[in-house]
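> Need coordinates for the below:
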Amino acid sequence: MNKISVVIPLFNRQKYIIETLKSIEAQELTPFEVLIVDDFSSDNSVEVVKACAKHSRLNIRLLANKFKKGIGGATNTGVMESKGDLIAYLDSDDLWTPVHLKQLTGAF
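Residues are numbered from 1 along each chain as shown. Alright, predicted model coming up:
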C-alpha cells in the first residue's frame, strides 16, 4: 500500500481549515501525513491548525514558508517536504468525500 501525503497550502483560512481537516479525518483510507504550509497568514489560521493537531489522529505537520510564495510556492514547499509515495493536493477551504483517497489510489 502506498503512503499518501496530503499537501494543503494555507493563507488566512481560519474559518474553513477545521472542516477541511475533519474531511481528511473522515477518510476511509487514512493518509500517512498531512502537510499544511502557512504562507504568512495574518489571521489565526496557524493557531487553529495547532489546536486541531493536538487532538487529531492525523499526522499533521505544520510548515511555514520563509517568505511569502503564494499558493504555488506553498504547495511546492509541501511537496518538497513530503515523505509519502503519493501526493494528494487539497485547498484549505475545500472538503473531500470520505472515499476520496480510496478512489484516488484505486485510480492510480
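> residue ranges of the helices in this structure, please?
In the chain, the helices defined using DSSP state H lie at 17-25, 45-55, 70-81, 100-107.
> Tell me how many other residues surround the closest residue to Leu63 other than its chain neighbours.
Once flanking residues are discounted, Leu63 sits nearest to Val37: 4.7 Å by C-beta to C-beta, 6 or more residues apart in numbering. C-beta coordinates here come from the backbone N, C-alpha and C atoms, glycine included. Residues within reach of Val37, counting by other C-beta atoms under 10 Å, total 26.
> Nearest approach to Asp94 belongs to which of the helices of the chain?
In terms of C-beta to C-beta, the element of the helices of the chain nearest to Asp94 is helix 17-25, at 6.3 Å.
> Sort out which residues of that closest one are buried, please.
Residues 17, 20-21, 23-24 are the ones in helix 17-25 that count as buried (16 or more other C-beta atoms under 10 Å).
> now the helices of the chain as JSON lines including mean pLDDT and distance to Asp94?
Formatted as JSON lines, the helices of the chain follow (pLDDT from 0 to 100; distance: least, C-beta to C-beta, whole Å):
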{"stretch": "helix 17-25", "mean pLDDT": "98", "distance to Asp94": "6"}
{"stretch": "helix 45-55", "mean pLDDT": "97", "distance to Asp94": "15"}
{"stretch": "helix 70-81", "mean pLDDT": "97", "distance to Asp94": "12"}
{"stretch": "helix 100-107", "mean pLDDT": "92", "distance to Asp94": "10"}
